[in-house]
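Visitor: Sequence and predicted model, in that order:
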Number of protein chains: 4
Amino acid sequence: EVGGFTEDVEKIKPEFVRSFQFENKLMPSTWIVIRIDGCHFHRFSEVHEFEKPNDKQALNLMNSCAVAVLEEIQDIIFTYGVSDEYSFVLKKDSQFYQRRASEIVSVTVSFFSSMYVMKWKEFFPQKELKYPPSFDGRVVCYPSSKILLDYLAWRQVDCHINNQYNTCFWMLVKKKGKSKSEAQHYLKGTQAKEKNELLTKEFGIDYNELEIMFRQGSLAFWLKEDKNMTHESKGCVQNSHKKEDKNMTHESKGCVQNSHKKVIVEHCDIIKPNFWEAHPSILDENLPIF
Amino acid sequence: EVGGFTEDVEKIKPEFVRSFQFENKLMPSTWIVIRIDGCHFHRFSEVHEFEKPNDKQALNLMNSCAVAVLEEIQDIIFTYGVSDEYSFVLKKDSQFYQRRASEIVSVTVSFFSSMYVMKWKEFFPQKELKYPPSFDGRVVCYPSSKILLDYLAWRQVDCHINNQYNTCFWMLVKKKGKSKSEAQHYLKGTQAKEKNELLTKEFGIDYNELEIMFRQGSLAFWLKEDKNMTHESKGCVQNSHKKEDKNMTHESKGCVQNSHKKVIVEHCDIIKPNFWEAHPSILDENLPIF
Amino acid sequence: EVGGFTEDVEKIKPEFVRSFQFENKLMPSTWIVIRIDGCHFHRFSEVHEFEKPNDKQALNLMNSCAVAVLEEIQDIIFTYGVSDEYSFVLKKDSQFYQRRASEIVSVTVSFFSSMYVMKWKEFFPQKELKYPPSFDGRVVCYPSSKILLDYLAWRQVDCHINNQYNTCFWMLVKKKGKSKSEAQHYLKGTQAKEKNELLTKEFGIDYNELEIMFRQGSLAFWLKEDKNMTHESKGCVQNSHKKEDKNMTHESKGCVQNSHKKVIVEHCDIIKPNFWEAHPSILDENLPIF
Amino acid sequence: EVGGFTEDVEKIKPEFVRSFQFENKLMPSTWIVIRIDGCHFHRFSEVHEFEKPNDKQALNLMNSCAVAVLEEIQDIIFTYGVSDEYSFVLKKDSQFYQRRASEIVSVTVSFFSSMYVMKWKEFFPQKELKYPPSFDGRVVCYPSSKILLDYLAWRQVDCHINNQYNTCFWMLVKKKGKSKSEAQHYLKGTQAKEKNELLTKEFGIDYNELEIMFRQGSLAFWLKEDKNMTHESKGCVQNSHKKEDKNMTHESKGCVQNSHKKVIVEHCDIIKPNFWEAHPSILDENLPIF
């Protein structure tokens, strides 16, 4: 018979085989966060000779992919990224993939990965992509806006701590000729304040003058198209995101903004209430969170 | 203070925020299957003008990415693919990502997606990749080899059923000038035998003479390097896979094989015991499964 | 050797065997509801000749066990019961059994069952308990107070719908001599209004005059010992619960209350805001829920 | 309107509320083990003045309840108990409660608890049950018979280790007048052999002569009614279990057996293959497990 499958087809028990698929639906009415992380990006950044401690173009590429994810998956309402990590927040009542964890995390990470490869040349016209990058992902739910903001604050504090450490570390290696293990040893147990002094005294670096994207990470979100948008956030650096021109080189102190565009990339404090108060539509809640 | 984070850092409660991460460890000593599926590949195949009902190069690209996954993730011991779907089998005692479902599925789908974009030009030198493909994934465990083989049989029967239908459908559209909905209507409710007769009588097509990859899908696995390898499988078509030359054009009836290469792509019946009896090392079990 | 276990002990792999235990921790900061249900209580109520449609003593026994659960498991802050079903609400931040679902549900149902058997004689001094009752249980989490109240409202509406139906059904059987299947057939598809008219016209029953416990179910909770407690709830029937005297026969219209006792059983509307506004300490939230 | 619920009924969203119920189905084709454990039985055994280190009647009561569980829940094919703990094994393909973990564990623990209270007087005619006992439970799946037997072996080894320790401990307290903390201190770090010697030399106790139920725990299972049943197990002590006479005082060395009765309680080694080879129908598998 065709394909020789006649008898075999009868033996197949699709219902039985399918019964092993298990539900992994996420709790309704909770904020879903998908966090993706580069796999072995230490090696990836070495092979591709990323600048240390931060490679601006590599971060811009990450940001550009994150913006594309926002544009692709409509239920994502906010995203925050630092280094090779990005957290995507789905709206509370999202029915994306009926809230099945595996599909949600896999499709997000898949789209991000494809996009990363496709956009590579745009951000690194001189560098060949030597091997395919991969990201892993996990998904967590938060039952309230307050705890969601705790999560995001945690990531931003982590960004700061890591950046301060990495800045010190690479200064010691690059400017003082220390080996990596010497630098590591040197910094072991030092407090934030001591690291700050090290940067000022030894290297003449005012930490707060470093690129804000390095210190505070990047966030992106859909900006509701208010007519009279005079953007309130103080101390933010914003990149509006044009579909035609995604290289995000437009950057300016003082919150310039092209109001007819949608997805906004910013670098600012998301721990303090200011940002969220200036953008109430992101979480779309009128509860007093703070 | 540095970054203005001083007070904020104190307020952060990483343990609390992390406590929302939930365990999703897969049961030990069970076969883990990761099944990935192209998202909206109907549209993707139209935009990229894939041949219908089967585009050989698109399938070769899928196979090539699957082989790369096998080479990348050592615990994957077998994989079976058809159309825009691929199932990866991890060995029973795999500790990959400590068996955490999200990470396993996301990193597999991420690597596959990156690879798909990277290899596109190799398989479609004349075609531009118009937008990033994405795949979703899910993960299922099977407690015994027997049920694992039931699963794989189910996928292969599905391959056969879909291919027979699609072959008829596209013949009606392309050769008989029927509209898609006419063709659909025409085939509704027809049995396997009737479809077979339609192909023979109307289009002079002997279904069993169609490309075996279209009828039976593709499988790939690590071949243990036996010295005196006279490969036993009857009726298989095999492609050995060289790292240096991944385009897999080497194809021959009759199971030729380069014994010093590792990952093998084949197209053959995995429902009957023959294949598994010829390759006992894949499942590495001496239980009488059949 | 002792016990003959010498060699065997070596072969045992506790870590391996334990690795099959899976986490089932409930999401932090969510309301945990344990709902228990009598197994085959249709038969149980027949064997023990419960009055139909409602057996007051059987319900008092259920309530008394629920009160005991509240006294035993300190994290339970509210409970609502109807018929052979009871829902127990744990406070949002409960760490009872580290929020492991199996343990939480099993220990609650176990204690309730033991208590039911122990208290049987107290409520049915003339009746022998013919066989051990059993209850099953499940656990659900609700991320906000609002949705928790939706859940409780659902149970109370269910109570009302079932009670109205059962009252009609048993009147038809007992007063009109209909068989059970005739009564069932008669009521099929009737609306609330029609059932109400049936009770009034055929049986001279004013539904709203029926015992409130039958119409609205029972709730129990810890009453904070306010000094100047003039209990505000209108239309509630309340039973204070003394450890010394658990037979709960003290019952009076108009909200009398012994302020130095703790667990209160009431029968009143928990769908409208009144009850919750009168007892803000139960949910202990100052969010505007309604 | 009836019950004053008219408007409220409309506001209720049962589907929404129910959507928070999560699936917790156990993997098909795996052995389900329900393990129940007495809660705070240290205190329970003191309050009820159980004999130390082992109270024979308390164990017989546990066994009797376990037998009742076997008789009640048909899918349970084997059970093993020690102290205040019992493990129930459901057959591999059980569809009990559609394999939902919460319901399976809760109904088992509930029935066991009710039965414990009901049977108390039968085993302790002179002692009043002072407060309701409670048990918690958890559920674990094992994908193969081999691992299931590993689990059971683990429990039996635990029984032996605890019993040896407890025997020494209580001898030191009762015969040597040591305080509990002195006894604990004395035994800290001692090996099996040393404990054995302590028993022999100090107390003239041959450990292997102690009651087998104390040393090896208790197991119960359905005995298939073979006609020519000459029970093969060597060294087992067996109690056949009559519905009419559940006090299980009939006990005799040498495997006497009333073949027309069903549930058998035995005390024997379940680590070695002998028991399983003598009772192949329990696991009903013809795979070579050992």
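Guide: Good, I have the coordinates.
Visitor: Give me the pLDDT value at the nearest residue to A:Leu172 once chain neighbours are set aside.
Guide: Leaving aside its sequence neighbours, A:Leu172 sits nearest to A:Ala183 (CB to CB, 6 or more residues apart in numbering or on different chains; 4.0 Å). From N, CA and C alone the C-beta is placed, and that goes for glycine too. According to the prediction, A:Ala183 has pLDDT 96.
Visitor: which residue ranges form the helices in the stretch 151-290 of chain A?
Guide: A:180-187, A:192-197, A:203, A:212-216, A:274-278, A:280-283 (DSSP state H, counting those that start in this stretch).
Visitor: Those helices into JSON lines, with extra columns for mean neighbour count and distance to A:Phe88?
Guide: Formatted as JSON lines, those follow (neighbours: other CB atoms under 10 Å in any protein chain shown; distance: least, CB to CB, whole Å):
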{"stretch": "helix A:180-187", "mean neighbour count": "14", "distance to A:Phe88": "32"}
{"stretch": "helix A:192-197", "mean neighbour count": "16", "distance to A:Phe88": "29"}
{"stretch": "helix A:203", "mean neighbour count": "14", "distance to A:Phe88": "36"}
{"stretch": "helix A:212-216", "mean neighbour count": "23", "distance to A:Phe88": "18"}
{"stretch": "helix A:274-278", "mean neighbour count": "17", "distance to A:Phe88": "17"}
{"stretch": "helix A:280-283", "mean neighbour count": "16", "distance to A:Phe88": "13"}
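Visitor: returning to what we had before: tell me how far the residue nearest to A:Leu172 lies from chain B.
Guide: 19 Å (CB to the nearest CB, to the nearest Å).
Visitor: contacting residues around the residue lying closest to A:Tyr97 once chain neighbours are set aside?
Guide: Closest residue to A:Tyr97 apart from its sequence neighbours, by CB to CB, 6+ apart: A:Glu103 at 4.0 Å. When contacts are counted by CB atoms under 8 Å, 6 or more residues apart in numbering or on different chains, A:Glu103 touches A:97, B:136-138.
Visitor: Can you classify A:Glu103 as helix, strand or coil?
Guide: On the three-state scheme (DSSP: H, G, I helix; E, B strand; the rest coil), A:Glu103 is labelled helix.
Visitor: Kindly provide the distance from it to B:Asn24.
Guide: 14 Å (CB to CB, to the nearest Å).
Visitor: cool, and A:Pro125?
Guide: 40 Å.
Visitor: Which one's more surrounded, these two?
Guide: The residue with more neighbours, out of A:Pro125 and B:Asn24, is B:Asn24; 21 against 8, by other CB atoms under 10 Å in any protein chain shown.
Visitor: How many neighbouring residues does the closest residue to A:Ile104 other than its chain neighbours have?
Guide: Leaving aside its chain neighbours, A:Ile104 sits nearest to A:Tyr97 (5.2 Å; criterion: CB to CB, 6+ apart). Using other CB under 10 Å, A:Tyr97 is surrounded by 19 other residues.
Visitor: tell me the contacts of A:Tyr97?
Guide: Counted by CB under 8 Å, 6+ apart, A:Tyr97 has contacts A:103-104, A:107, B:136.
Visitor: And A:Val109, by the same measure?
Guide: A:34, A:36, A:135-137, B:106-107, B:109-110, B:113.
Visitor: quick one: it from A:Ser102, how far?
Guide: Taken as CB to CB, the span from A:Val109 to A:Ser102 is 11 Å.
Visitor: same thing with A:Ser113?
Guide: Separation of A:Ser113 from A:Ser102 (CB to CB): 16 Å.
Visitor: Show me which of these two is the more surrounded one.
Guide: In this view A:Ser113 and A:Ser102 are compared by other CB under 10 Å, and A:Ser113 has more residues nearby, 32 against 26.
Visitor: quick one: whichever strand or helix holds the more buried one to helix B:101-123, angle?
Guide: Remark: A:Ser113 resides in helix A:101-123, with elements defined by DSSP states H and E. Orientation check (axes from the mean of the first three to the mean of the last three CA atoms, to 10 degrees): helix A:101-123 against helix B:101-123 gives 40 degrees.
Visitor: For the residue of chain A found nearest chain C, list the residues it contacts.
Guide: Of the residues in chain A, the one nearest chain C is A:Pro143, at a distance of 3.6 Å by CB to the nearest CB. The contact partners of A:Pro143, taken as CB under 8 Å, 6+ apart, are A:27, A:29-31, C:27, C:29-30, C:143-144.
Visitor: Dump these into JSON lines; add secondary structure and distance to C:Val173 as well.
Guide: As requested, those are arranged in JSON lines below (DSSP: H, G, I helix; E, B strand; the rest coil; distance: CB to CB, whole Å):
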{"residue": "A:Met27", "secondary structure": "coil", "distance to C:Val173": "43"}
{"residue": "A:Ser29", "secondary structure": "coil", "distance to C:Val173": "43"}
{"residue": "A:Thr30", "secondary structure": "coil", "distance to C:Val173": "47"}
{"residue": "A:Trp31", "secondary structure": "strand", "distance to C:Val173": "52"}
{"residue": "C:Met27", "secondary structure": "coil", "distance to C:Val173": "46"}
{"residue": "C:Ser29", "secondary structure": "coil", "distance to C:Val173": "48"}
{"residue": "C:Thr30", "secondary structure": "coil", "distance to C:Val173": "43"}
{"residue": "C:Pro143", "secondary structure": "coil", "distance to C:Val173": "44"}
{"residue": "C:Ser144", "secondary structure": "coil", "distance to C:Val173": "43"}
